[in-house]
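> here is the input, now give the coordinates:
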Amino acid sequence: MWKDWIRPFVRPLPQWSTIAVDPPQKAVTATLRWDGQWADVTRDHTVASLKPLAIATSVDAGEHPSIEYSDNATGKLLGVLRLAKATSIATEGASIAIYRVAGGGHRCLSWARRPWNAWLQNRAMRRGNNAHHDLMEPASVQQLMIAYLCPRPVILVSVGAPGHQNIFPMDLIGPLERSGLFSLALRSTNVSEPVMRNMRKVALSSMPATMKAVVYKLSEHHKQALQDWNLLPFPTRPSREFDLPAVAAALRIRELAIVHSETMGSHTFFLGRMASDEALAEGTQLHHTAGFHQAYRRRRDRPFAEA
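Predicted structure coming up:
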């Protein structure tokens, strides 16, 4: 019994929780605030880069806005990111603002446990071997976890070109609703990044939570392309317009026509418009959220279902 009591004081919470959520997530609202104004950006902000950590939105909120993440069931504030305007992108008649994350904090843990848990997590990051942690400073990873208070859906991206085929998972994705655009932030070292720039089209498969193990296994294809579509451990079906192999068991298959791409620090930031959208099945989709968010919900007896 005493081990259960002392564990939170000697072990950090998991940084990420893999959860099963009905899309689109409705647990958390993101509100952009600036100069006495505000806008609901729950479906209008995405991560544009990890290093530097940057947020994209189609709302121009001036030079120094903030994003507040609130629990929809209680109205309580969960966390805040403070932003600083970095640049803007004009394309397809829309303007996308890019904000550098300047700071932030969360309220998912007690005031005393927050800094201690962050210290434990930061120590583990410095000792561990993780792709995100190798790329980002621990303080930036803490800020990234705040951005994940809005649970982020996981998709498989299908890419095809003569002599190149690939499929890999992503969660740095999402709509920029007011602009009508959809964004993907892909590590610039991804083997398919040049193909996506040149071919300007991808298929996006929304993945059921039950396929978690398969999705994670395909992470290896960020570094090496798929040799043959027939080697995949699941059936595929052609996407509607681009004829790209997508996941037959997907909840939804969308095709994205890429209209803009540019290098943004560690990542290539892609913007596109949907060329097709097929809703195939109902069910919970694989999502990621911050570990301290799941801990917050568990203490209130309403945790997300674990995937």
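> the closest residue to residue 245 other than its chain neighbours: how many residues sit nearby?
In this structure, residue 245 finds its nearest non-sequential neighbour in residue 236, 3.9 Å apart by CB to CB, 6 or more residues apart in numbering. For every residue, glycine as well, the C-beta is placed using N, CA and C. Other residues near residue 236 come to 19 when the count uses other CB atoms under 10 Å.
> same check, this time on the one 10 residues further on
A total of 28 residues lie near residue 246 under the criterion other CB under 10 Å.
> so what's it up against?
By CB atoms under 8 Å, 6 or more residues apart in numbering, residue 246 lies in contact with 156, 158, 203-205, 236-239, 253.
> rounded mean pLDDT for stretch 137-145, please.
Per-residue pLDDT over stretch 137-145 has a mean of 96.
> so which bits of it are buried?
Across stretch 137-145, burial judged by 16 or more other CB atoms under 10 Å covers 138, 140-145.
> stretch 119-126 too?
120-122, 125.
> and for residue 53, the neighbour number?
Residue 53: 24 neighbours (other CB under 10 Å).
> would you list the buried residues of stretch 137-145 in a markdown table and tack on secondary structure?
Converted to a markdown table, these look like this (DSSP: H, G, I helix; E, B strand; the rest coil):
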| residue | secondary structure |
| --- | --- |
| 138 | helix |
| 140 | helix |
| 141 | helix |
| 142 | helix |
| 143 | helix |
| 144 | helix |
| 145 | helix |
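> out of those, the closest to residue 48 would be?
Nearest to residue 48 among those: residue 144, at 12.0 Å, using CB to CB.
> now do the contacts for the closest residue to the closest one other than its chain neighbours.
Closest residue to residue 144 apart from its sequence neighbours, by CB to CB, 6+ apart: residue 53 at 6.0 Å. Residue 53 sits next to 47, 100-101, 136, 140, 143-144 when contact means CB under 8 Å, 6+ apart.
> if we can go back for a sec, which strand residues bridge the residue nearest to residue 245?
Residue 236 forms beta bridges with residue 247, as assigned by DSSP bridges.
> using PDB, write down the CA coordinates of the helix or strand residue 197 falls within.
Assigning secondary structure by DSSP states H and E places residue 197 in helix 193-199. What follows is helix 193-199, C-alpha atoms only, in PDB (Å, rounded to 0.1, in the frame of the first residue of the first chain):
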ATOM      1  CA  GLU A 193       9.000  14.300 -47.700                       C
ATOM      2  CA  PRO A 194      10.500  15.100 -51.200                       C
ATOM      3  CA  VAL A 195       7.800  12.900 -52.900                       C
ATOM      4  CA  MET A 196       5.000  14.800 -51.000                       C
ATOM      5  CA  ARG A 197       6.500  18.100 -52.100                       C
ATOM      6  CA  ASN A 198       6.700  17.000 -55.800                       C
ATOM      7  CA  MET A 199       3.500  14.900 -56.100                       C
END
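> any weak-confidence spans in the chain?
Residue ranges of the chain with pLDDT under 70: 1-10, 129-134.
> could you chop it up by domain?
When the chain is parsed with automatic domain parsing, its domains come out as 2-150, 152-286.
> pipe those into TSV and attach distance to residue 302 per row.
Shown next, in TSV, are the domains of the chain (distance: least, CB to CB, whole Å):
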stretch	distance to residue 302
domain 2-150	7
domain 152-286	15
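> which residues in the protein form helices?
Taking DSSP state H, the helices of the chain run over residues 2-10, 113-127, 131-135, 138-147, 193-199, 212-217, 291-299.
> what does the fourth one contact?
Contacts made with helix 138-147 from outside it, assessed by CB under 8 Å, 6+ apart, are listed as 15-16, 47, 50-53, 55, 67, 69, 79-81, 101, 103-106, 118, 121-122, 125-126, 132-133, 136, 290-292.
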